[in-house]
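Undergrad: Got a predicted structure plus its sequence, pasted below:
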Amino acid sequence: SGIKRPRTKFSSSAADNNYGLAEPLLDIINDEELIKRKEIFLNKLNKVDKDQIEYLTREQNHSQKWFNERKKRLTASKFGDVCKMRINTSCKVKVHNILYKSSITCKEMKHGIENESLA
């Protein structure tokens, strides 16, 4: 119990040449259908009443609409993560995390949120 082991410092580096490229996205729909769906989705986003969304989402973390609207957009907080991706980082995993990953709330964060008005 009195033996101290030297600490090793880990450094992050890019994947080596043998690692390979990130996995390709599955071809679930053809290119034509993808383009069609993309245009429909983007047209819906453009028609959204931005003032109404701003008004309805002022409570932010208390507003389900706020969470739903954030899921449809690449927010500033996610944009940095996308810009910093390495060449070999899986786009599939990054997109999945942006769209479906639930927010992390530990007991300290929950306490802070509940008592924010007192601070």
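TA: Right, received. Where do you want to start? Being a predicted model, the structure only gives us computed values, none of them experimental.
Undergrad: confidence score at the residue nearest the centre of the chain?
TA: For the chain, Ile98 is the residue whose C-alpha lies nearest the centre (C-alpha atoms, centre = their mean; 2.7 Å). Looking at Ile98, its pLDDT stands at 78.
Undergrad: Buried residues, the lengthiest helix in the chain. List them.
TA: Scanning the chain for the helix with the most residues, using DSSP state H, yields helix 31-47. Within helix 31-47, not a single residue qualifies as buried, counting by 16 or more other C-beta atoms under 10 Å. Where C-beta positions appear, they are placed from N, C-alpha and C, glycine not excepted.
Undergrad: what does that helix rub up against?
TA: Ile29, Lys72, Arg73 (C-beta atoms under 8 Å, 6 or more residues apart in numbering).
Undergrad: how about a cut-off of 10 Å?
TA: Asp27, Ile28, Ile29, Asn30, Glu69, Lys72, Arg73 (C-beta atoms under 10 Å, 6 or more residues apart in numbering).
Undergrad: Only C-alpha atoms, please: export it in PDB.
TA: The C-alpha coordinates for helix 31-47 follow below in PDB (Å, rounded to 0.1, in the frame of the first residue of the first chain):
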ATOM      1  CA  ASP A  31     -30.300   9.600 -53.600                       C
ATOM      2  CA  GLU A  32     -33.400  11.000 -55.300                       C
ATOM      3  CA  GLU A  33     -35.600  10.200 -52.300                       C
ATOM      4  CA  LEU A  34     -33.000  11.700 -49.900                       C
ATOM      5  CA  ILE A  35     -32.900  15.000 -51.900                       C
ATOM      6  CA  LYS A  36     -36.700  15.100 -52.000                       C
ATOM      7  CA  ARG A  37     -37.000  14.600 -48.200                       C
ATOM      8  CA  LYS A  38     -34.300  17.100 -47.500                       C
ATOM      9  CA  GLU A  39     -36.000  19.800 -49.600                       C
ATOM     10  CA  ILE A  40     -39.400  19.100 -47.800                       C
ATOM     11  CA  PHE A  41     -37.700  19.300 -44.400                       C
ATOM     12  CA  LEU A  42     -35.800  22.500 -45.200                       C
ATOM     13  CA  ASN A  43     -38.900  24.200 -46.700                       C
ATOM     14  CA  LYS A  44     -40.700  23.500 -43.400                       C
ATOM     15  CA  LEU A  45     -37.900  25.000 -41.400                       C
ATOM     16  CA  ASN A  46     -37.900  28.100 -43.600                       C
ATOM     17  CA  LYS A  47     -41.700  28.600 -43.100                       C
END
